[in-house]
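Peer 1: got a predicted structure here, sequence first:
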Amino acid sequence: MQLVVLGLNHRTAPLETRERAALLPDEATEVTASLLEDAAAAEVVILSTCNRTEFYTITNDPAGVIERQREMMRQRKSVDLTPGDSGYLYQHDEAVRHLFRVAAGVDSMVLGENGIVAQVKNAFEAANNAGAVGPLLGKLFPCALRVAKRARTETEIGHGAVSLPNAGLTLARKVFGALDTRHALVIGAGTTGTALAERLKEIGVRSITVANRTRSRAEEVAERVGGKGVGLEDLPDVLAECDVVLSAVHSATPVLTRDTVARAMEPRKFGRPLLAVDLGVPRNIDPGCGSLEGVFLYAVDDLQQLVNLNLGRRRLEIPAVEKIVDEECGKYTEWRSALDATPVLVALRAHVEALRQESLERFGGSIPDSERERLDQFSRALVNKLLHAPTLSVKGCDSSTAQGLAQLDWTRRLFAVDGESRDGDES
Amino acid sequence: MGDTVESVLNVLDPLLPLALAATTLAYFLDFRDAPGRPAWLSPAALLVSSTLLVLRFIVFVWLEQRPPLATPAEAFSAIALAITVVYVLLEKLHRDRSLGFPLLAAATLAQSAALFSHTETTQVSALLGETWFGFHAIAAILGYTSFAISAVYGILFLVLYQNLKHHRFGAAFLRMPSLDELATSSMRTAVLGFLFLTAAIIAGTFGWGRLIEGPVWLDPKVLTTMLAWAVYGVGVALWHFAGWRGIRAIGLTLIAFLIMVMSSWVVPWILGSAHGAKGLA
């Protein structure tokens, strides 16, 4: 049984192709059932996200399964998974390494992103619930999740904000520390504004005010996050009470002028700072506000600078993550090899012991008992010495590779033993 | 008994720099967020070091019947004790560990300097035997140490403030606590310093008044120290009661610190003073 990974991702396929290739959960379950039905695949997990669609398959017929999956994607999704074109193909230990790198976040569009861990976990659970997971993928995917955990706890691959809104929140924490006693103002109730308000609610700020051109829309978003909704005309009044302002509206002119902010800072003249994060293009907040005492103003370019810095720091962690991937690949390979090697060793030992006993009976019948005992010890020692090298050789076979599988097969044939892999049994 | 006590001192003196160095290392590992370090390591190390420092102080005072301030080595040891005490108060009262590593490193250096600059004490001022003076001097050292630590926090605040204002995301941005935390830590240590200095002033007024002619308040050093004390007092009062925050509050404490530095070194040098080393002669 071999592991095969066929798929595409943000590196090999453009967005339009990835969009077509994406399999929703119900679709993935249907495809999984279909792949298992024709018995080419023994185990299947489908990982489908906005940036990748991959089939992890355990099979005895890799070429057949690959062709089956390619044909299925052509018919269902008009997507060609030809390796080297839009798609890629990994087998054996390369397939294991690929999954571990995906889970660790080093293969993601945003290096070190955390969302992929839940996606891998969900894909595995969905396949498990569909009865598509056996002992091999049942061991592989938990190992991948362990790699993900180790990468994020033992390295800083997941540290630092790598999106503009999160960079804004990082700055808020750098100014204020904990945000649970702070008042936040979100200007704009569109997609970005709503996402910002929801993120602030997750963080647990003390209060959230949402301001929008259309008051009713502001109130709608505010209600969702347990805050207050106001119109843009109320900005001068609410600004004085706020510590953090996040702005994301479409406006040709600034919605917060220098005068407005200066007036809001008046009651706070004894030093309480104001952090203003402007995610709008054109800018929503007058750049002159940055020169006011106690006002920290950041626009998109400034946030991008911070994001780039964090991405650079994450890139420095890649070698450490690859080291973890190597270690866990080694452990998985060792486990996999034992699964295949053990039956061969057991069969070999049993076969040779049977030959030894048969020979003792045949040639030791007329020998006195004391001599017979010595003959038994001699034959046992001779057999152990003869089998020592073949035993080490079998244990050292890497059954995740074609060469390793061939070595095991040769051993079986050489000694005329069965010892077929007990993929269904834990070693 | 005296020999036994002296033996204790002889054991503690070389042991203390090692204990402080080990504590500094434990806090450094915390600072670097080193994996695998046990959570109990740094609190245990701090407990051992601070206990040994306090023990040494008590043993010394019991043996010599005076505070350890007669020689440079004794003064270094007193500074190490003061730094450690102020840090322990910060950590235990306010759970503030942000300056643990550098402060304990400074205490280690001071205690090591004490060990390597040790000389036999040949002449001790009679003033050191006076109870009020011992209390005054130790309270003053604790006060000045607190103000120095407050100033360190204040300077770090200014550095981070400027970095944030000018959108610089270098080491200061990455490694420092938040502006708010730096400001709060600065004010908290300023409060400690204010309380210690108040105690030192009260004891000093009582003692110096008996020793020098004329009003003690007119002494240049005393006058500038009182000015610094007043500015600190105004600063902490505005922080606690009037809601002063940010750069204005920190600015005021840094001005007070500058006055304090001048009162300690510049004013006595330029204008002379009956206070300080002269009094100890």
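Peer 2: Received it, and whenever you're ready, just let me know what you need. Numbering: from 1, shown residues only, chains lettered A, B, ... in the order given.
Peer 1: roughly how far does the residue positioned nearest the centre of chain B sit from chain A?
Peer 2: The residue lying closest to the centre of chain B (C-alpha atoms, centre = their mean) is B:Thr145, at 1.9 Å. Distance, B:Thr145 to chain A, by C-beta to the nearest C-beta, to the nearest Å: 25 Å. No exception for glycine: its C-beta is placed from N, CA and C like everyone else's.
Peer 1: next, give phi and psi for that residue.
Peer 2: Per-residue torsions, B:Thr145: phi -60, psi -40 (degrees, to the nearest 10).
Peer 1: can you check A:Val162 too?
Peer 2: Per degrees, to the nearest 10, the backbone of A:Val162 is at phi -120, psi 20.
Peer 1: OK, contacts around it?
Peer 2: A:110-113, A:307, A:310-311, A:314 (C-beta atoms under 8 Å, 6 or more residues apart in numbering or on different chains).
Peer 1: now the residues you listed: which count as buried?
Peer 2: Among those, those scoring as buried are A:110-113, A:307, A:310, A:314 (criterion: 16 or more other C-beta atoms under 10 Å in any protein chain shown).
Peer 1: could you dump these into CSV and include pLDDT?
Peer 2: What follows is the buried ones among the contacts of A:Val162, written out as CSV (pLDDT from 0 to 100):
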residue, pLDDT
A:Val110, 91
A:Leu111, 94
A:Gly112, 93
A:Glu113, 91
A:Val307, 94
A:Asn310, 93
A:Arg314, 95
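Peer 1: close to chain B: what parts of the stretch 51-200 of chain A are there?
Peer 2: Within reach of chain B by C-beta under 8 Å from any C-beta of the partner chain, the stretch 51-200 of chain A has these residues: A:153-154, A:171, A:173-177.
Peer 1: any regions of the stretch 101-250 of chain A where pLDDT drops low?
Peer 2: For the stretch 101-250 of chain A, applying pLDDT under 70 flags no range at all.
Peer 1: which parts of it are strands?
Peer 2: In the stretch 101-250 of chain A, the strands defined using DSSP state E, counting those that start in this stretch lie at A:183-187, A:207-212, A:228-231, A:244-247.
Peer 1: I'd like the ones you listed written out as JSON lines, with distance to A:Phe415 added.
Peer 2: Below are those laid out as JSON lines (distance: least, C-beta to C-beta, whole Å):
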{"stretch": "strand A:183-187", "distance to A:Phe415": "73"}
{"stretch": "strand A:207-212", "distance to A:Phe415": "73"}
{"stretch": "strand A:228-231", "distance to A:Phe415": "79"}
{"stretch": "strand A:244-247", "distance to A:Phe415": "72"}
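Peer 1: which parts of chain B are helices?
Peer 2: B:2-31, B:41-64, B:72-94, B:100-116, B:131-165, B:171-175, B:179-211, B:220-241, B:246-261, B:267-271, B:277-280 (DSSP state H).
Peer 1: I figured A:Ile187 was touching A:Ser251, is that so?
Peer 2: No - counting by C-beta atoms under 8 Å, A:Ile187 does not reach A:Ser251; the two are 9.3 Å apart.
Peer 1: return every residue with contacts to both of these two.
Peer 2: The overlap between the contact sets of A:Ile187 and A:Ser251 (C-beta under 8 Å, 6+ apart) consists of A:Asn284.
Peer 1: contact partners for the residue in chain B that chain A sits nearest to?
Peer 2: Residue nearest to chain A within chain B (C-beta to the nearest C-beta): B:Gly246, separated by 3.0 Å. Neighbouring residues of B:Gly246 by C-beta under 8 Å, 6+ apart: A:270-273, A:294, B:161, B:179, B:183.
Peer 1: please redo it, this time with the cut-off set to 7 Å
Peer 2: By C-beta atoms under 7 Å, 6 or more residues apart in numbering or on different chains, the contact set of B:Gly246 is A:271-273, A:294, B:183.
Peer 1: check B:Leu156 too.
Peer 2: The contact partners of B:Leu156, taken as C-beta under 7 Å, 6+ apart, are B:176, B:182.
Peer 1: pull up the residues of chain B that are close to chain A.
Peer 2: Counting by C-beta under 7 Å from any C-beta of the partner chain, the residues of chain B close to chain A are B:35, B:164-165, B:167, B:169, B:173, B:178-181, B:242-249.
Peer 1: ok, now with 8 Å
Peer 2: For chain B, the contact set with chain A under C-beta under 8 Å from any C-beta comprises B:35, B:160, B:164-165, B:167, B:169, B:173, B:177-181, B:238, B:242-249.
Peer 1: out of the residues you listed, which end up buried?
Peer 2: For those, a neighbour count by 16+ other C-beta under 10 Å gives the buried set as B:160, B:164-165, B:167, B:169, B:173, B:177-181, B:238, B:244-249.
Peer 1: what are the phi and psi values at B:Trp40?
Peer 2: phi -80, psi -10.
Peer 1: what's the per-residue pLDDT of it here?
Peer 2: With respect to pLDDT, B:Trp40 has a value of 88.
Peer 1: how many neighbours does it have?
Peer 2: 10 (other C-beta atoms under 10 Å in any protein chain shown).
Peer 1: that one: what's it in contact with?
Peer 2: Neighbours of B:Trp40 in contact, by C-beta under 8 Å, 6+ apart: none.
Peer 1: what comes up buried for stretch B:6-13?
Peer 2: Here stretch B:6-13 shows B:8, B:12-13 as buried, counting by 16+ other C-beta under 10 Å.
Peer 1: turn those into a markdown table, including pLDDT.
Peer 2: Output for the buried residues of stretch B:6-13, formatted as a markdown table (pLDDT from 0 to 100):
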| residue | pLDDT |
| --- | --- |
| B:Val8 | 83 |
| B:Leu12 | 87 |
| B:Asp13 | 87 |
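Peer 1: tell me the one of these nearest A:Thr29?
Peer 2: Using C-beta to C-beta, B:Leu12 comes nearest to A:Thr29 of the buried residues of stretch B:6-13, at 72.2 Å.
Peer 1: which residue sits closest to the closest one, ignoring its sequence neighbours?
Peer 2: Nearest residue to B:Leu12 in three dimensions, chain neighbours excluded: B:Arg56, at 4.6 Å (C-beta to C-beta, 6 or more residues apart in numbering or on different chains).
Peer 1: can you pull the contacts of the one you found?
Peer 2: B:9, B:12-13, B:16, B:77, B:81.
Peer 1: show me which of these is closest to A:Arg206.
Peer 2: B:Leu81 (41.1 Å).
Peer 1: relative to A:Gly271, how far out is the closest one?
Peer 2: Distance of B:Leu81 to A:Gly271, given as C-beta to C-beta, to the nearest Å: 34 Å.
Peer 1: between the two, point out the one with more neighbours.
Peer 2: Between B:Leu81 and A:Gly271, counted using other C-beta under 10 Å, the more crowded position is B:Leu81 (25 against 20).
Peer 1: so that one sits against B:Thr51, correct?
Peer 2: No - using C-beta under 8 Å, B:Leu81 is not in contact with B:Thr51; the gap is 11.5 Å.
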